[in-house]
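> give me a 3D structure for the following:
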Amino acid sequence: MSHDSETEETLGKHVRILGWLHIVLGIIDLLLGMVAFGVLSGFGAISGDPTAFGVMSLIGGFAGAMMLLMALPNLIVGFGLLKNWGGWVIVLAVILGVINLMNVPIGTAIALYTFWIAWKLYNTPAIT
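Numbering: from 1, shown residues only. Next comes the predicted model:
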């Protein structure tokens, strides 16, 4: 086995791991959105005031929708990396990495791992 094929195989493993990490991050975002909707709607229901229930449900629905918007790109990148959809996926992963830097600590770790893999892919002629 040549050094280039070992490097390609190792990077392939890292890309698959990164794909799964993005899928997990997307699922976490979806779950947090559902929890936000449930908790905020629950607070409105507990208050006993129909107006408070409506307002809290609306705020919860907005929070849930925002988390869905955050989850979708992570899920797309994750599946794209696993299915090898092309070079645009790693570009989207880097863009998401910049956004995920603010998602301390898990998103930050995944973002740094994304940057490292993108750097390795860019600087490895056998892969490009």
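> how much space between Lys83 and Val15?
Lys83 is 11 Å from Val15, where distance means C-beta to C-beta, to the nearest Å. No exception for glycine: its C-beta is placed from N, CA and C like everyone else's.
> with neighbour numbers in mind, choose between these two.
Between Lys83 and Val15, Val15 has the larger neighbour count (other C-beta atoms under 10 Å), namely 20 against 10.
> contacting residues around that one?
Applying C-beta atoms under 8 Å, 6 or more residues apart in numbering, we find Val15 in contact with 81, 90, 117, 121.
> nearest spatial neighbour of Pro73, chain-adjacent residues omitted?
Setting aside the residues directly before and after it, Pro73 is nearest to Leu96 in space (C-beta to C-beta, 6 or more residues apart in numbering), at 5.6 Å.
> could you say what helices and strands whichever helix or strand that neighbour is part of packs with?
Remark: Leu96 resides in helix 87-100, with elements defined by DSSP states H and E. Contacts defined by 3 or more C-beta pairs under 8 Å, 6 or more residues apart in numbering; DSSP states H and E place helix 87-100 against helix 3-47, helix 50-83, helix 106-122.
> what about the nearest residue to Arg16 once chain neighbours are set aside, how many neighbours?
Nearest residue to Arg16, sequence neighbours excluded (C-beta to C-beta, 6+ apart): Leu82, at 6.2 Å. As a burial measure, Leu82 scores 16 neighbours (other C-beta under 10 Å).
> tell me, how many residues neighbour Gly64?
Taking other C-beta under 10 Å as the criterion, the count of residues near Gly64 is 20.
> ok, it - contacts?
When contacts are counted by C-beta under 8 Å, 6+ apart, Gly64 touches 33-34, 36-37.
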